[in-house]
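> this one's sequence-less:
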Ligand SMILES: NC(=O)c1ccc[n+]([C@@H]2O[C@H](COP(=O)([O-])OP(=O)(O)OC[C@H]3O[C@@H](n4cnc5c(N)ncnc54)[C@H](O)[C@@H]3O)[C@@H](O)[C@H]2O)c1
């Protein structure tokens, strides 16, 4: 089996390594030559793939910027980014570039699977026509399917192997072909009838999270005013053995998925005279959270007779979620910008993020970050830090993640 993977990021590289580990010959394509060179040299830029794991499969993994290398593979999996444009509309640029390039090298009998998250209709309406430009017909001369990536970076209990893989083929035969391919690396494949169902499945999963996070965030805004401890309420509600699922408030949503994907559907839905209010409302509430956090931080300093201007604020954790180094859309970045606008002296500690390039900040050692800080702000609670010890240290602590107990001097979101 020869498998091509296009886009070697958080999704594509683990997939390439998994197929190579399962015995496939992998051709891994990326437009970023530095990335393909690093991979060829055995250096992984993705935390879920260790250099050792990459080195072990290098004899079966060829990385290149040249799409022509995909000519002889049995299947190509597309894992390129699907971001939003600056005015928050789907930006299919990378995906359409990729489909155009693939259309030039596609051979009869190949299977193409889109893994990038996108709105229902993309595979059939956008990708298929570009692949067909060479004269081959989707579902007839080559197979085409959509299968959403469900990887949760940093997670070790659910991996590619034991997370069921949803597959929707353009035809039954397309689905069969994709299912057989994924059985090489996944224990369970879940078939749906069309690519559109598979595309919407992924969006439903992410919208479900975005909306529920927004719900607890809105309640956190209310409990702040009412003087109720939201964390105690969530803890108590979580004891219900059925009908409740725990979501936690926080400084806002980050990463490539939750702040982005729901808006792909909201955009598409407008074409059907259907404004999706849950999605827009969730987005609005979640985007408000960094502002709320900074306003509450101002109140905490105020109670201590301090102004934000000139205060030294030490952020603990700037990645968008625990135990990863990804800062895409991280609320920490917005919080730093807001604090700086108010004149704060901001430093940070994050063992996963050495540098915040755009903000000209470098991670300090934990003790160095906390030394002389007027307030420690726990934005992302990575493992390996004793938060209770920090809380007991005497400095003001503002905990946005509910990881500290009710120590004196600690305020929780
Ligand atoms: N990161 C996640 O946790 C996650 C989870 C599930 C789904 N997804 C989805 O998977 C897709 C990829 O996400 P990611 O996080 O891996 O992105 P990423 O930015 O980490 O990696 C994308 C890679 O694609 C390359 N690329 C861009 N345009 C290209 C082109 N035309 N041809 C070849 N390579 C190209 C980039 O150089 C980059 O290396 C997105 O649609 C995302 O929504 C991501």
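Sure thing, it's come through. Since this is a predicted model, take the numbers as computed values, not measurements.
> Nearest to the ligand: which residue in this protein?
Residue of the chain nearest the ligand, by CB to the nearest ligand atom: residue 9 (1.8 Å). Where you see a C-beta, it was placed from the backbone N, CA and C, and this is true even at glycine.
> mind checking the SS state of that residue?
Applying DSSP: H, G, I helix; E, B strand; the rest coil to residue 9 yields a three-state assignment of coil.
> who's in contact with it?
Contact partners of residue 9, counting by CB atoms under 8 Å, 6 or more residues apart in numbering, are 46, 79, 81.
> Once you drop chain neighbours, what's closest to the last one?
Spatial nearest neighbour of residue 81, excluding adjacent residues (CB to CB, 6 or more residues apart in numbering): residue 94 at 5.2 Å.
> do the first one as well
Using CB to CB, 6+ apart and skipping the chain neighbours, the partner closest in space to residue 46 is residue 13 (4.7 Å).
> re earlier: give me the subset of the contacts of residue 9 that also touch the ligand.
79, 81 (CB under 6 Å from any ligand atom).
> Narrow the contacts of residue 9 to those that are buried.
Among these, those scoring as buried are 46, 79, 81 (criterion: 16 or more other CB atoms under 10 Å).
> okay but the first one is in contact with residue 7, surely?
What it means is residue 46. No: using CB atoms under 8 Å, residue 46 is not in contact with residue 7; the gap is 11.8 Å.
> is it true that the residue nearest to residue 46 touches residue 39?
Yes: Residue 13 is within contact range of residue 39, at 7.1 Å (criterion: CB under 8 Å).
> residues shared between the contacts of those two?
By the contact definition CB under 8 Å, 6+ apart, residue 13 and residue 39 are jointly contacted by 28, 54.
> low-scoring pLDDT stretches of the chain, where are they?
For the chain, applying pLDDT under 70 flags the ranges 406.
> what residues does it put near the ligand?
Residues of the chain lying near the ligand (CB under 6 Å from any ligand atom): 6-12, 29-32, 35, 79-82, 94, 97-98, 116-117, 149, 151, 153, 256-257.
> 5 Å - rerun?
6-11, 30-32, 79-82, 94, 97-98, 116-117, 149, 151, 153, 256 (CB under 5 Å from any ligand atom).
> Pull out the buried residues from the residues you listed.
Buried, going by 16+ other CB under 10 Å: 6-11, 30-31, 79-82, 94, 98, 116-117, 149, 151, 153, 256, out of those.
> Is the residue lying closest to residue 307 once chain neighbours are set aside within a helix or a strand, and which one?
Once flanking residues are discounted, residue 307 sits nearest to residue 301: 6.7 Å by CB to CB, 6+ apart. Secondary structure from DSSP states H and E places residue 301 in helix 277-303.
> name the helices or strands packed onto the helix or strand just after that helix?
Note on helix 277-303: by DSSP H and E, the next helix or strand toward the C-terminus is strand 312-316. Here strand 312-316 touches helix 331-341, strand 345-349, helix 366-370, strand 375-378, going by 3 or more CB pairs under 8 Å, 6 or more residues apart in numbering; DSSP states H and E.
> Sounds good, over and out.
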